[in-house]
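quick one, structure for this:
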Amino acid sequence: TISERLRASFVTDYGVAPERVVVAYPGPNMDAAAIPVRGARRAGAPPTVLFVGKEFARKGGDVLLAAFARVRERLPDARCVIVGPSDIGAVPAGVELLGPLRKDDPTEFARLLAAYGDADVFCLPTRYEPLGIVTIEAMYAGLPCVTSDTWAMGEMVADGETGFT
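Purely as a prediction, here's the structure:
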């Protein structure tokens, strides 16, 4: 399986003997060597939140936008960069929609890496996420992660250490 919670489900829900189920955690869904080493934060750059996910509703995009509106009350220059969906309806102030960025297109992949590099925090308040490989990618990019504690998300993000669940 790809997570301890999924392993536990096989044992508990399906009666598979514990010694027959092994967890093999995945890595990022890209060449990890392509992810640039994180540099120092650019002086004067606005605080930036990054969200990556095509399925905006399932991955908690509405929750992110509501929370980001509250962030903008305290930090009016804050930015939220959204990668994945083509349309989220009305785009609130401070939100930048990059749309889908494919990793197999060098130009789009460079834009995705730049989004990881420009961000200060990665946020995926997902409602249902069996694994959340984008969270692994964000960690490879050196970003603290804020996620919900669903399925394997709590296994990847050490609450209070590498981010918050």
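
which residues touch stretch 66-76?
Stretch 66-76 is contacted from outside by 46-47, 49, 78, 80, 92-95, 123, 125, using Cβ atoms under 8 Å, 6 or more residues apart in numbering. C-beta: built from backbone N, CA, C; applies to glycine.

ah, wrong one, I meant stretch 102-115
By Cβ under 8 Å, 6+ apart, the residues outside stretch 102-115 that reach it are 29-30, 34-36, 50, 52, 81, 83, 98, 101, 141.

let's test this: name the helix or strand in the chain with the lowest mean pLDDT.
Least confident helix or strand of the chain, by mean pLDDT, DSSP states H and E, is helix 153-156 with a mean of 86.

how much distance is there from stretch 60-79 to the middle of the chain?
16 Å (Cα atoms, centre = their mean, to the nearest Å).

give the contact list for Val95.
Contacts of Val95 (Cβ under 8 Å, 6+ apart): 65, 68, 79-82, 88.

what's the most distant pair in those residues?
Arg79 and Ile88 (15.0 Å; Cβ to Cβ).

most neighbours out of the contacts of stretch 66-76, which is it?
Cys123 (27 neighbours; other Cβ atoms under 10 Å).

retrieve the pLDDT associated with it.
Cys123 carries a pLDDT value of 97.

helix, strand or coil for it?
Of the three states, Cys123 takes strand under DSSP: H, G, I helix; E, B strand; the rest coil.

that one touches Val63, doesn't it?
No: the criterion here is Cβ atoms under 8 Å, and Cys123 misses it with Val63 at 9.1 Å.

give me the element the residue nearest the centre of the chain is part of.
Among the residues of the chain, the one closest to the centroid is Thr135, at 4.0 Å (Cα atoms, centre = their mean). Taking DSSP states H and E as the criterion, Thr135 maps to helix 133-140.

mind telling me what element Val81 is part of?
strand 79-83.

C-alpha coordinates for that strand, CSV please?
Taking Å, rounded to 0.1, in the frame of the first residue of the first chain, the C-alpha atoms of strand 79-83 are listed here in CSV:
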residue,chain,number,x,y,z
ARG,A,79,-1.0,36.2,-2.6
CYS,A,80,-2.5,32.9,-3.2
VAL,A,81,-1.4,31.0,-6.3
ILE,A,82,-3.6,28.3,-7.6
VAL,A,83,-2.4,25.6,-10.0
